[in-house]
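# coords please:
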Amino acid sequence: MQSFRTEIENPVVAKDIIDLEAKIKQFNDGKLDEEKFRSLRLARGIYGQRQPGVQMIRIKLPYGKVTSTQLKRICDVSEEYSTGRLHITTRQDIQIHYVDIERTPELWAQLAKDDITIREACGNAVRNITASETAGIDVDEPFDVSPYAHAMFQYFLRNPISQEMGRKFKVSFSSSDADTGLSYMHDLGFIAKIENGVRGFKVLLAGGLGSQPRHAEELYTFLEADKIIPLMDGVIRVFDRYGERKSRAKARMKFLLKDIGLDGFRALLEEEQNAIPQDSFPVDVDAYPKVKVANAKVPEVAIKNTEAFEQWKRTNLVPQKQQGYVAIGIKVKLGDFYIEEARQLADLVDAYAAGEFRLSLRQNILIPYVKEELVPFFYTELEKLGFVEAGYNKASDITACPGTDTCNLGIASSTGIAAELERVITEEYPQYINNKDVVIKISGCMNACGQHNMANIGFQGMSVRTKDKLVAPALQVLLGGGNLGDGNGVFADKVVKVPSKRGPEALRLILNDFDANANGQSFTEYYKEKGEHYFYDFLKHLTAIDNLTPEDFIDWGNTERYEKAIGVGECAGVVIDLIATLLFESEEKIENAAAALEDKKWSASIFHSYSAMVNSAKALLTAQNTKTNTHISIIKDFDTHFVSNGLIELKTSFEELALQIKSNKPTQEFAEAYLRDSKVFLEVVQKFREKELAEA
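Next up, the predicted model:
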């Protein structure tokens with residue numbers, strides 16, 4: 001494992017990987033608490049699988065952009081450390097499965113050779129920043145959002161303010177008012193706008209899916225482009241300080257905004273302005289890598305099946321604003337493809353396009369900058385790889401999370417039912433291969449990784465229990481969701497729950513009724529007009545469980561009898577901290593503050609010092625079994641339990657001490673003074689704890 005150390009050029013990345021190696025050793029030696037280790041590895045993209053002893057590795061690919069060189073590197077890593085299967089997620093990442101955790105440091109080191117990271121792909125951090133896959137080529141875009149998404153990714157990667165939040169934080173960029181980045185379901189969503197010749201964004205705040213979907217609220221109708229990173233800096237600080245930390249069910253931004261309201265959030269945001277390092281953060285768009293299209297001769301090809309070719313062109317070619325070019329959409333069934341095809345695809349795009357791909361929110365691949373005259377050649381080459389199935393981003397292109405295949409939280413098979421529903425559409429409703437307006441999505445549980453509750457037709461994995469206490473896999477059928485554009489959307493209603501094996505029949509009934517009664521309306525309009533009770537009435541007969549057959553107890557894609565088995569979810573990286581671990585962490589945070597100070601990173605140093613103070617206070621409150629649900633409650637409760645009653649003497653209240661971070665600009669002078677305060681406070685807390693233990 002040592003050889004990788006000398007191969008990493010970036011010293012920051014090298015330190016990250018070496019630290020991971022050390023933490024794995026500490027865990028194996030029994031020196032690191034299991035729950036704390038889980039939090040640490042999640043923040044490094046290492047996620048426990050349903051299968052014991054192996055991990056899923058999530059590779060973070062900002063806004064879904066991946067070069068041919070990077071794709072080949074990912075293939076090499078998958079071949080060496082995994083199974084050779086690559087899975088595209090609904091957040092434009094790539095996941096590989098069945099990885100031995102002992103090998104993750106060297107795996108990361110291999111990825112780093114081509115500037116690929118797994119850092120903060122999971123855990124309570126800023127997750128992969130997503131964007132419209134057509135960004136940069138969209139015929140309707142006012143400008144390319146890619147440089148802005150990239151700058152935001154770089155700003156928050158390893159940023160101390162976003163390393164230990166109460167929950168994950170998701171961000172999207174939409175290239176146009178079509179809102180193909182789905183801003184309304186994100187913690188922060190940005191839609192590109194131009195006003196009076198100035199670039200900017202419509203900003204939406206605190207959307208989310210899960211068991212309680214919430215539509216984001218409009219924070220700004222228009223915010224200049226140079227203000228978006230300072231804005232997010234402030235939003236993260238508010239979320240970090242006031243967001244829930246104990247109850248996983250309430251720890252997302254949407255619940256904080258629901259509790260305090262938009263005006264209350266704006267007030268807290270204003271209080272953080274002093275702490276933000278810059279009030280303007282211009283993005284150097286000209287420095288963003290320029291597109292270089294291969295200058296290849298057009299090979300002569302013969303199309304064997306012209307009818308299939310014409311159908312593929314109708315559904316899989318995406319117009320580009322650049323004259324003479326189109327983008328090619330590859331429908332990747334369930335987001336899964338394999339390294340043999342991926343390597344050949346990378347070679348093809350390198351030699352005949354621009355050497356880059358975009359992974360889509362619907363788990364597909366988009367190849368931009370294909371010269372129009374090369375389309376027949378690309379078709380023949382993609383046909384050899386099995387990548388010419390018609391229906392890119394159409395009704396037959398169903399999104400599904402991994403479900404019970406690998407996920408701890410999966411209740412029912414997402415991939416199995418998705419494959420069956422695609423078969424039903426392709427064979428029985430071939431006209432829907434051309435339909436881009438009906439969106440079908442499937443999740444294996446309520447957490448909505450498959451985004452089922454924003455689909456026109458959604459399915460959520462569940463289970464049903466008979467009177468004889470037998471358990472069968474089931475599907476919640478949701479209808480009527482959809483993206484309305486410009487930051488507006490509707491979430492689907494839960495209509496009925498049916499045994500999983502009746503899912504295809506439910507789909508048939510829905511599509512048949514839509515064909516007969518929509519009269520040219522979109523699915524969302526048609527559902528709104530008919531209403532939930534209408535659909536419940538004609539699907540109700542599928543809900544009966546007193547007539548289940550033996551086949552109903554076997555889930556899609558399986559041969560054995562269904563057994564409901566839910567593990568511990570790791571999506572949120574929730575941990576139970578031990579007091580000693582907390583105090584040890586405070587020491588580490590002070591070391592980080594000192595290192596940042598030495599590097600002249602005043603803002604980072606200040607935040608590390610603040611985090612050390614709150615962590616130290618949390619340790620003593622934890623020892624008293626006092627709730628530590630939010631940072632602000634920790635700060636206030638420490639005064640109540642320790643300072644006000646004289647148990648601990650400070651020169652001021654702890655609230656005044658800790659919240660200096662809000663009232664001071666991030667200068668060198670303040671960073672130095674605040675670090676001294678943090679060290680002194682930790683010493684006071686440690687002495688109190690030692691005395692407490694001695695008297696116990």
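
# what strand or helix carries the closest residue in space to Ile94 that isn't next to it in sequence?
Spatially, and ignoring its direct neighbours in sequence, Ile94 is nearest to Ile59 (4.6 Å; C-beta to C-beta, 6 or more residues apart in numbering). Heads up, the C-betas are built off the backbone N, CA and C, glycines and all. If you go by DSSP states H and E, Ile59 is part of strand 55-59.

# list the strands paired with that strand, with their directions.
For strand 55-59, the paired strands and their directions (DSSP bridges) are strand 46-48 (antiparallel), strand 94-99 (antiparallel).

# can you check my assumption that Tyr220 lies in a strand?
Yes. Membership of Tyr220 in a strand is supported by DSSP: H, G, I helix; E, B strand; the rest coil.

# burial check on it, number of neighbours?
Residues near Tyr220, counting by other C-beta atoms under 10 Å, number 17.

# in this structure it contacts Val203, no?
Yes. Between Tyr220 and Val203 there is a contact at 4.2 Å, judged by C-beta atoms under 8 Å.

# now do the helices in the stretch 251-400 of the chain.
253-271, 306-316, 339-352, 375-384 (DSSP state H, counting those that start in this stretch).

# now the phi/psi pair for Ser82, please.
When read as degrees, to the nearest 10, the backbone of Ser82 gives phi -130, psi -150.

# what sits against Val54?
His97, Tyr98, Val99, Asp100 (C-beta atoms under 8 Å, 6 or more residues apart in numbering).

# do Leu61 as well
Gln70, Gln92, Asp93, Ile94, Ile116, Asn128, Leu359.

# likewise for Ile648?
Phe642, Val684, Val685, Phe688.

# what about the nearest residue to Ile339 once chain neighbours are set aside, how many neighbours?
Nearest residue to Ile339 in three dimensions, chain neighbours excluded: Cys75, at 4.0 Å (C-beta to C-beta, 6+ apart). A count of nearby residues for Cys75, using other C-beta under 10 Å, gives 21.

# same deal with Ala580?
Neighbours of Ala580 (other C-beta under 10 Å): 11.

# and what of Asn488?
16.

# ok, the residue nearest to it when sequence neighbours are not counted - contacts?
Excluding its sequence neighbours, the residue lying closest to Asn488 (C-beta to C-beta, 6+ apart) is Tyr184, at 6.4 Å. The neighbourhood of Tyr184, defined by C-beta under 8 Å, 6+ apart, consists of Leu204, Gly207, His215, Ala216, Asn483, Gly487, Asn488, Gly489.

# after the strand holding Ile59, which helix or strand is next? Please name it.
strand 65-67.

# can you list the strands that that next one pairs with?
strand 356-359 (antiparallel).

# what's the partner strand in contact with?
Residues outside strand 356-359 that contact it (C-beta under 8 Å, 6+ apart) are 61, 63-68, 71, 88, 92-94, 133-135, 291, 345, 349, 365-369.

# ok, of those, which come out buried?
Listed as buried from these are 61, 63-68, 71, 88, 92-94, 133-135, 345, 349, 365-369; burial here means 16 or more other C-beta atoms under 10 Å.

# and the longest helix seen in the chain, how far out from the chain middle?
For the chain, the longest helix by residue count, based on DSSP state H, is helix 668-695. Centre-to-centre, helix 668-695 and its host chain are 36 Å apart (C-alpha atoms, centre = their mean, to the nearest Å).

# just checking, what packs against it?
helix 579-598, helix 602-623, helix 654-658, helix 660-663 (3 or more C-beta pairs under 8 Å, 6 or more residues apart in numbering; DSSP states H and E).

# can I get the worst-scoring helix or strand of the chain on mean pLDDT in CSV, CA atoms only?
The helix or strand of the chain with the lowest confidence, counting by mean pLDDT, DSSP states H and E, is helix 34-42 at a mean of 77. Provided in CSV are the C-alpha atoms of helix 34-42 (Å, rounded to 0.1, in the frame of the first residue of the first chain):
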residue,chain,number,x,y,z
GLU,A,34,-16.9,2.0,14.4
GLU,A,35,-19.5,4.8,14.1
LYS,A,36,-16.9,7.5,13.9
PHE,A,37,-15.0,5.5,11.2
ARG,A,38,-18.2,5.2,9.2
SER,A,39,-18.6,9.0,9.2
LEU,A,40,-14.9,9.3,8.1
ARG,A,41,-15.1,6.8,5.2
LEU,A,42,-18.4,8.2,4.0
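
# circling back to that earlier point, how close does the residue nearest to Ile94 get to Lys589?
28 Å (C-beta to C-beta, to the nearest Å).

# kindly report the same for Glu427.
59 Å.

# and the contacts of Leu61, which two are the farthest apart?
Maximum pairwise distance among the contacts of Leu61 (C-beta to C-beta): 14.3 Å, between Gln70 and Asn128.

# buried residues, stretch 366-380. List them.
For stretch 366-380, by 16+ other C-beta under 10 Å, it's Leu366, Ile367, Pro368, Tyr369, Val370, Lys371, Leu374, Val375, Pro376, Phe377, Phe378, Tyr379.

# could you find the closest non-adjacent residue to Glu399?
For residue 399 the amino acid is Thr, not Glu. Nearest to Thr399 is Lys441, by C-beta to C-beta, 6+ apart, at 4.4 Å.

# quick one, domains of the protein?
2-112, 130-287, 306-384, 399-553, 579-695 (automatic domain parsing).

# so for the last one, first residue to last residue, what's the gap.
Its first and final residues considered, domain 579-695 spans 17 Å by C-alpha to C-alpha, to the nearest Å.

# next: the third one.
Domain 306-384 has an end-to-end distance of 16 Å (criterion: C-alpha to C-alpha).

# how far out from the middle of the chain is it?
Distance, centroid of domain 306-384 to centroid of chain: 25 Å (C-alpha atoms, centre = their mean).

# ok, stretch 661-676 next?
33 Å.

# in it, what's buried?
Under 16+ other C-beta under 10 Å, the buried positions of stretch 661-676 are Ile661, Asn664, Pro666, Phe670, Ala671, Glu672, Tyr674, Leu675.

# isn't Thr117 right up against Val13?
Yes. The criterion here is C-beta under 8 Å, and Thr117 meets it with Val13 at 7.4 Å.

# I'd say Arg502 and Ala544 touch.
No. Arg502 is not in contact with Ala544 according to C-beta under 8 Å; the separation is 9.4 Å.

# so what pLDDT did Glu7 get?
Glu7 carries a pLDDT score of 65 in this model.

# same thing with Glu563?
For Glu563, pLDDT reads 65.

# ok, now Thr134?
97.

# for Ser68, give me its contacts.
So Ser68 contacts Ala346, Asp347, Val349, Asp350, Gly355, Glu356, Phe357 (C-beta under 8 Å, 6+ apart).

# separation between the nearest residue to the fifth one once chain neighbours are set aside and Ala353?
What it means is Gly355. Excluding the flanking residues, the one nearest Gly355 by C-beta to C-beta, 6+ apart is Ser68, at 4.6 Å. Per C-beta to C-beta, Ser68 is found 9 Å from Ala353.

# and stretch 173-184, end to end?
Terminal-residue distance, stretch 173-184 (C-alpha to C-alpha): 11 Å.
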